[in-house]
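S.K.: only the shape, not the letters, is given here:
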């Protein structure tokens, strides 16, 4: 497995951008220079992250998310 992170990644198994192999390596996200722990999805090329909006859920039981724009820096925490 390479040490390259994809341009876009999601933690939702129903998303086309979900990748269990990469997520198993403990991916960290720095957004605007601050580490975020509530990121549901990110896109480096477009410069945004989707973060959970508290404990709110949609009608299907999924967490509500907000798209926030800014510089995104994904990295592996485990450094294999």
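M.R.: Noted; the coordinates are in hand. The structure presented is a predicted model; accordingly, all values stated were derived computationally and were not measured.
S.K.: what sits against residue 28?
M.R.: Listed by CB atoms under 8 Å, 6 or more residues apart in numbering, the contact set of residue 28 reads 35, 74, 75, 76, 77. In short, each C-beta sits where N, CA and C put it, glycine included.
S.K.: and the furthest pair within those residues?
M.R.: Spatial extent of those (CB to CB) is set by the pair 35 and 76 at 13.3 Å.
S.K.: ok so, going back, show the buried residues in the contacts of residue 28.
M.R.: residue 74 (16 or more other CB atoms under 10 Å).
S.K.: so what's residue 67 bridging to?
M.R.: Listed by DSSP bridges, the beta-bridge partners for residue 67 are residue 50.
S.K.: ok, now which ones touch it?
M.R.: Per CB under 8 Å, 6+ apart, neighbours of residue 67: 48, 49, 50.
S.K.: and which of the residues you listed is nearest to residue 59?
M.R.: Set against residue 59, the nearest of the contacts of residue 67 by CB to CB is residue 50 (18.0 Å).
S.K.: contacting residues around the closest one?
M.R.: Residue 50 is in contact with 39, 40, 41, 42, 65, 66, 67, 68, counting by CB under 8 Å, 6+ apart.
S.K.: please state the offset of stretch 9-17 from the chain centre?
M.R.: Centre-to-centre, stretch 9-17 and its host chain are 9 Å apart (CA atoms, centre = their mean, to the nearest Å).
S.K.: same question, stretch 70-77
M.R.: Stretch 70-77 sits 9 Å away from the centroid of its parent chain (CA atoms, centre = their mean).
S.K.: could you do stretch 34-49 as well?
M.R.: For stretch 34-49, the distance to the chain centre is 5 Å (CA atoms, centre = their mean).
S.K.: quick check, nearest of the contacts of residue 28 to residue 18?
M.R.: residue 74 (14.6 Å).
S.K.: any idea which helix or strand carries the closest one?
M.R.: strand 72-76 (DSSP states H and E).
S.K.: rewinding a little: can I get the contacts of residue 50 in a markdown table with distance to residue 15?
M.R.: Compiled in a markdown table, the contacts of residue 50 are given as follows (distance: CB to CB, whole Å):
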| residue | distance to residue 15 |
| --- | --- |
| 39 | 13 |
| 40 | 9 |
| 41 | 7 |
| 42 | 12 |
| 65 | 11 |
| 66 | 16 |
| 67 | 14 |
| 68 | 18 |
